[in-house]
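**Student:** below are the sequence and a predicted model for it; my questions follow.
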Amino acid sequence: MKAVEFYREHRVKLGVLLVTALLVFWLVVAFQRSFLLLGDPDPVAKAIGAGYLLLPCIGAWALIRELLFGAQTQRMARQLDSEGGLPVDDLPRTPAGRIVRSAADEAFPAYQAEVEADPENWRSWFRLSCAYDAAGDRKRARRAMRDAAKLHGQQRGADA
């Protein structure tokens, strides 16, 4: 029973770990293959190796960027939780556990108004991101969270 509880508590982290491990494996293989091609005497193989080297570089950059974004989001969530500022998850759900879209849409204007009233507050942007996510707009949720992270970083820099 403890394994099930552990899985439920750390499900997202385990998923991130699995995807990260698979991507790192792919990066290692891609680097190896690109260096093999670069070592080939054929100029065409060298050109393909050089081009192929770009893919793992881009992949490594994206992986690091996303892991840092996730860590910063988690820090902001912990800080908001300690302050009692996380949005309450009381929206109705379908039998499958998904948030009812119409209920999320009804709750959304309050979070949008909070950001409009204080656009320099990272906490407002964080809550708006959660509202976008609940409403199913992941693209805007991510953008709002990036805005929250930017403002949070500026605040931390000013506090230091």
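**Tutor:** That came in fine, so what should we check first?
**Student:** might you report the residue contacts of the residue most central in space within the chain?
**Tutor:** When the chain is reduced to its mean C-alpha position, the closest residue under C-alpha atoms, centre = their mean turns out to be Gly70, at 4.6 Å. Applying C-beta atoms under 8 Å, 6 or more residues apart in numbering, one finds that Gly70 lies in contact with Val16. For glycine as for every other residue, the C-beta is placed from the backbone atoms N, C-alpha and C.
**Student:** repeat that with 10 Å
**Tutor:** Taking C-beta atoms under 10 Å, 6 or more residues apart in numbering as the contact definition, Gly70 lies against 12-13, 16.
**Student:** one more: Ile64?
**Tutor:** With C-beta under 10 Å, 6+ apart as the criterion, no residue contacts Ile64.
**Student:** this protein - how does it break down into domains?
**Tutor:** For the chain, whose domains are defined here by automatic domain parsing, the residue ranges read 2-83, 101-159.
**Student:** adding mean pLDDT, write those domains out as JSON lines.
**Tutor:** Putting those into JSON lines (pLDDT from 0 to 100) gives the following:
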{"stretch": "domain 2-83", "mean pLDDT": "90"}
{"stretch": "domain 101-159", "mean pLDDT": "91"}
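**Student:** contacts for the helix or strand encompassing Ala149?
**Tutor:** Assessed by DSSP states H and E, Ala149 sits inside helix 138-159. For helix 138-159, contacts defined as C-beta under 10 Å, 6+ apart pick out 68-69, 72-73, 75-76, 79-80, 111-112, 115, 119-135, 137.
**Student:** looking at the residues you listed, which are in helices?
**Tutor:** Cross-referencing the contacts of helix 138-159 with the helices (criterion: DSSP state H) gives 68-69, 72-73, 75-76, 79-80, 111-112, 115, 122-134 as the overlap.
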